[in-house]
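**Q** mind looking at a prediction? Sequence and model below.
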Amino acid sequence: MRDIEGRVFAAGMPVAALMEKVAGKISQRIQALYPLSKLQRVGILVGPGHNGGDALVVARELHFSGYQVLIYCPFSKLKDLTAQHAQYTKSLGIRFVERVDLLCDCQLLIDGLFGFGLERSLSEPITMAIEQLNCCSTPIISIDLPSGLHTDTGEVMGKAIRASRTLCLGLWKLAFLQDRALDYIGEAELIDFDLPLTDIEAVLGSLPDVTRFTTDLAHSSLPLHRPPVTHKYQQGHLLLICGSRQYAGGAILAGLGARGSGVGMLSIAVPTSLKPILTAKLPEALVIECPETETGAIAHLRDLDLAKYSAIACGCGITQDAITVVQSVLAAEKPLILDADALNILASLGEIPRRQSLTILTPHAGEFKRLFPQINLNNRINASCQAASESSAVVLLKGARTIIARPNGKVDIIVESTPALARGGSGDVLTGLMGGLIALANCAQKPLESMVATAAWWHAQAAILAARERTELGVDAHTLTEYLIRAILS
Ligand SMILES: NC(=O)C1=CN([C@@H]2O[C@H](COP(=O)(O)OP(=O)(O)OC[C@H]3O[C@@H](n4cnc5c(N)ncnc54)[C@H](O)[C@@H]3O)[C@@H](O)[C@H]2O)[C@@H](O)CC1
Ligand SMILES: Nc1ncnc2c1ncn2[C@@H]1O[C@H](COP(=O)(O)OP(=O)(O)O)[C@@H](O)[C@H]1O
Ligand SMILES: [K+]
């Protein structure tokens, strides 16, 4: 953003004019959200840099619109432009208060302490002030970024404002895509201020490495239309390898996820004792019974010809005793998704073998740490990239903002999801769904890697729709599978 802004300024746009334009838009948005008829007293937190400058312009605009504005600015040294705005707001008679507690009876707070210029951890007295404000029940709107958050990693630098809404300026900062920042950001909204595309592309390239995965992107890759003349084996054949005597449910949920994908043929390899229940729950699937270990895991895959499948998805509920199975699928030359215990087995093998075909690893944070103990998960986006590059696999790191990193450095982030998914079994549904989509795409000779994000997007959209109709408590994994098709109809 600094480089893009630098190009705009070098081309002749005055800094003060850009601030005026941006802050004008912020103040309009605030007045639309909180019209004077709803509230009058607004407290504004002003920092030393241009984030503080934005806040002072907002203060002036709200003052002229009739709001009662109070300003808290605990800094003696301000950047020049910010200092000029401070001088002018004072000259208008807008009140500056020395004590932060005087803002507690405001009906709205605007946070303009720090934006992307935060360089080091915050210290007293700012941290105390932030703590006090976070404890008031007053809604807080942060300008650009909640003050105290690192703009890229989303890390809390000492203390950070807990905003109810954040108006991000110009382009999404990476912090908005990091799980640990989400509690601080509240509702996220982008305020566009006409940064020229040529300047954005000159800095980021025409296809930035990191992309927010959108509905349009998903719809362009979903296999929604079939040729009129086709048959089941031309619509993908997925082999799911899942379940154990201990964990039968994971196998059923993965199977139902695969059903939702529309895949032409579904084969499910399970330990012998699971065959009756799988057949009852998924009558359309070919259930392959495999010999069991003493503990009830799949002992081996018999004489299965793995070459006949379009994709293999392995891991849901297999337990750590299914080592032989994981070794067999790693050797198969087919697109392979490894999830859950297959990932734990892979971690215990010590190294991730290079494969000719696509490998997709779908860890949550715990599995990620076991698989890649050397990678620091502090910055989830960088960590996923590093993992993909080291393993030559597509790495899908699960979470509130699921990250999909490819070995070539491209990253997709699923920005819309719901905590309704934080529930046992929802990952199994994702594995089945993704397996089905990869099988379909492989059969149709379509790009495979983009299907990973498509599956994660679809999974999240189904959960959002289910949560809207049934509340966040009503989205058990089985119900989730029933919303898959509905989510792409709406
Ligand atoms: N993105 C854009 O193109 C635009 C950005 N603007 C605003 O400008 C902001 C960035 O402005 P700045 O670069 O001035 O940065 P900030 O306003 O975020 O803060 C930087 C200032 O804080 C000081 N500082 C940094 N860390 C500190 C700490 N831990 N304790 C105390 N002081 C600390 C620095 O010395 C500097 O004076 C954006 O976030 C946005 O609000 C807008 O004014 C105009 C357009
Ligand atoms: N807070 C959250 N917000 C959005 N999605 C979430 C959240 N927590 C978990 N999820 C999603 O739910 C799924 C959980 O998968 P996983 O941890 O493998 O569960 P399980 O093994 O029980 O099926 C993942 O797709 C993950 O991204
Ligand atoms: K801020």
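**A** That came through, no problem. Residues are numbered from 1 along each chain as shown. Ligands and ions are numbered 1, 2, ... in the order given.
**Q** near ligand 2, which residues of the chain show up?
**A** Contact residues, the chain versus ligand 2 (CB under 6 Å from any ligand atom): 340, 364, 398-400, 402, 417-419, 421-422, 424-428, 430, 459. In short, each C-beta sits where N, CA and C put it, glycine included.
**Q** now the stretch 301-450 of the chain against ligand 2: closest residue?
**A** G427 (2.1 Å; CB to the nearest ligand atom).
**Q** chain center to the helix or strand where that residue lies, what's the gap?
**A** According to DSSP states H and E, G427 maps onto helix 426-443. Centroid displacement of helix 426-443 relative to its chain, using CA atoms, centre = their mean, to the nearest Å, is 19 Å.
**Q** which strands or helices does the helix or strand that it is followed by pack on?
**A** Proceeding C-terminally, helix 426-443 gives way to helix 449-470 as the next helix or strand, assigned by DSSP H and E. Using 3 or more CB pairs under 8 Å, 6 or more residues apart in numbering; DSSP states H and E, the elements in contact with helix 449-470 are helix 215-221, helix 249-261, strand 394-397, strand 403-405, strand 411-413, helix 426-443, helix 477-489.
**Q** so what touches the third one?
**A** Counting by CB atoms under 8 Å, 6 or more residues apart in numbering, the neighbours of strand 394-397 from elsewhere in the structure are 358-365, 368, 380, 383-384, 387-388, 402-407, 449, 452, 456.
**Q** any of the residues you listed buried? List them.
**A** Among the contacts of strand 394-397, the ones that count as buried by 16 or more other CB atoms under 10 Å are 358-364, 368, 380, 383-384, 387-388, 402-407, 449, 452, 456.
**Q** strands along the stretch 301-450 of the chain, start to end?
**A** For the stretch 301-450 of the chain, applying DSSP state E, counting those that start in this stretch gives strands covering 311-314, 336-338, 359-361, 394-397, 403-405, 411-413.
**Q** could you dump these to JSON lines with distance to G53 and mean pLDDT?
**A** As requested, the strands of the stretch 301-450 of the chain are exported to JSON lines (distance: least, CB to CB, whole Å; pLDDT from 0 to 100):
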{"stretch": "strand 311-314", "distance to G53": "53", "mean pLDDT": "98"}
{"stretch": "strand 336-338", "distance to G53": "49", "mean pLDDT": "98"}
{"stretch": "strand 359-361", "distance to G53": "45", "mean pLDDT": "98"}
{"stretch": "strand 394-397", "distance to G53": "37", "mean pLDDT": "98"}
{"stretch": "strand 403-405", "distance to G53": "34", "mean pLDDT": "98"}
{"stretch": "strand 411-413", "distance to G53": "30", "mean pLDDT": "96"}
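**Q** need the ones you listed in TSV with distance to ligand 3, can you?
**A** As requested, the strands of the stretch 301-450 of the chain are exported to TSV (distance: least, CB to the ion, whole Å):
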stretch	distance to ligand 3
strand 311-314	43
strand 336-338	41
strand 359-361	36
strand 394-397	27
strand 403-405	25
strand 411-413	22
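**Q** so which of those strands gets nearest L278?
**A** strand 311-314 (14.8 Å; CB to CB).
**Q** which strands border the closest one, and is each parallel or antiparallel?
**A** Taking DSSP bridges as the criterion, strand 311-314 sits next to strand 237-241 (parallel), strand 336-338 (parallel) in its sheet.
**Q** contacting residues around that strand?
**A** Contacts for strand 311-314 (CB under 8 Å, 6+ apart): 236, 238-242, 254, 258, 306, 325-326, 329, 332, 334-339, 342, 431-432, 434-435, 438-439, 442.
**Q** let's go with 7 Å and repeat that
**A** 238-241, 254, 306, 325-326, 329, 332, 334-338, 342, 431-432, 434-435, 438-439, 442 (CB atoms under 7 Å, 6 or more residues apart in numbering).
**Q** quick one: the strands in the stretch 51-200 of the chain, in order.
**A** Counting by DSSP E, counting those that start in this stretch, the strands of the stretch 51-200 of the chain are 68-72, 95-97, 108-112, 140-143, 165-169, 187-191.
**Q** what packs against the shortest one?
**A** Meaning strand 95-97. Applying 3 or more CB pairs under 7 Å, 6 or more residues apart in numbering; DSSP states H and E, we find strand 95-97 packed against strand 68-72.
**Q** turn the strands of the stretch 51-200 of the chain into a markdown table, columns for mean neighbour count and mean pLDDT.
**A** As requested, those are arranged in a markdown table below (neighbours: other CB atoms under 10 Å; pLDDT from 0 to 100):
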| stretch | mean neighbour count | mean pLDDT |
| --- | --- | --- |
| strand 68-72 | 20 | 98 |
| strand 95-97 | 13 | 97 |
| strand 108-112 | 26 | 98 |
| strand 140-143 | 28 | 98 |
| strand 165-169 | 22 | 98 |
| strand 187-191 | 14 | 97 |
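**Q** among those, which is nearest V15?
**A** V15 lies closest, by CB to CB, to one member of those: strand 165-169, at 14.0 Å.
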